[in-house]
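Engineer: What shape does this take:
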Amino acid sequence: MPTWAFWNQRFDWQAWLNQAFADMSAQGVSFLVLDLRDNEGGDGAIGEALAHRLVQSPTQYASHLPHLVYDVVPDRLRAVLSTWDRSFYDQRRRIEALGPRDFTLREREPEEVDLTPAAGGFRGRAYVLIGPNNSSATYEFARVVHDARLATLLGQPTGGNLRGINGGNMFFLRLPRTGITVDLPVVAWKARTPQPDSPVMPDVQMAPDFAARVRGEDPDMRAAFELIARERAGAAR
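Structural biologist: So this is what the prediction gives:
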């Protein structure tokens, strides 16, 4: 899964996921490896759909509280901004005040989010490969996987921070002279309770091995396969 950013592409990720999990169920697949290491993020709904397919009994995880510091984008800035949803330019119908210049979204998750198994979900053992590129929607997915114990996280610490990240509504600022485009997230997702200044840590931490990558090897994936082989051997005894 190299990306979850499909807002400007004609790709039906829901149909793809439904078919993939249906195929795994039909084939009796008992071990699943999700490789998210090169995936910065994109549509958080994909992570949510995956979480419901991985969870095997009802559970909960703590949500983050969204914060914004603006209500309307000034006209003088609109010429250099683009996005996929024009409602981001005027948030007044979507927000409520928390303070003088601090707002939150009216439609937001409860403090504790219910996570229930989806029909046709995966019922085996899952491994999720993570790393420092996971800084947006894939960071949040890794956090939910960790907190709800949906799978074994393997690899390197994620990007992002347990205290909160920026994301969700995005503007793309294109500098008129250079053509350089800068991503501008406008929602801060803050932890509701005190958290350590830390990324999501993997259950099985791997050290970076650049020499192995040069040789075309993948130590993280190999480690996941070795863990699966041990589990299969243990189940066969």
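
Engineer: which stretches of the protein form helices?
Structural biologist: 13-27, 44-54, 75-78, 137-148, 210-214, 219-236 (DSSP state H).

Engineer: if you skip the residues just before and after it, what's nearest to residue 218?
Structural biologist: residue 212 (7.4 Å; C-beta to C-beta, 6 or more residues apart in numbering). For every residue, glycine as well, the C-beta is placed using N, CA and C.

Engineer: Let me see the confidence value for that neighbour.
Structural biologist: With respect to pLDDT, residue 212 scores 91.

Engineer: which residues of this structure fall in strands?
Structural biologist: Here the chain has its strands, by DSSP state E, at 31-35, 59-62, 64-67, 81-82, 95-99, 102-105, 112-115, 125-130, 152-155, 164-174, 181-191, 204-205.

Engineer: ok so, going back, count the neighbours of the residue nearest to residue 218 for me.
Structural biologist: By other C-beta atoms under 10 Å, the residues close to residue 212 number 13.

Engineer: do the same with residue 220
Structural biologist: Using other C-beta under 10 Å, residue 220 has 24 neighbouring residues.

Engineer: before we move on, what about the one 3 residues further on?
Structural biologist: The tally of other residues near residue 223 (other C-beta under 10 Å) stands at 16.

Engineer: same question, residue 83
Structural biologist: 16.

Engineer: any idea how far residue 183 is from it?
Structural biologist: Between residue 83 and residue 183 the distance is 10 Å, computed by C-beta to C-beta, to the nearest Å.

Engineer: residues bridging contact with the two, i.e. touching both?
Structural biologist: Taking C-beta atoms under 8 Å, 6 or more residues apart in numbering as the contact rule, residue 83 and residue 183 both touch 170, 171, 172.

Engineer: Pipe those residues into JSON lines and attach neighbour count and distance to residue 110 per row.
Structural biologist: Converted to JSON lines, the shared contacts of residue 83 and residue 183 look like this (neighbours: other C-beta atoms under 10 Å; distance: C-beta to C-beta, whole Å):
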{"residue": "170", "neighbour count": "19", "distance to residue 110": "24"}
{"residue": "171", "neighbour count": "19", "distance to residue 110": "28"}
{"residue": "172", "neighbour count": "13", "distance to residue 110": "31"}
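
Engineer: Could you dump the strands of the chain into TSV and include mean pLDDT and distance to residue 24?
Structural biologist: Formatted as TSV, the strands of the chain follow (pLDDT from 0 to 100; distance: least, C-beta to C-beta, whole Å):
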stretch	mean pLDDT	distance to residue 24
strand 31-35	98	7
strand 59-62	96	22
strand 64-67	96	31
strand 81-82	94	38
strand 95-99	94	41
strand 102-105	96	35
strand 112-115	96	20
strand 125-130	98	11
strand 152-155	98	17
strand 164-174	90	29
strand 181-191	93	31
strand 204-205	97	22
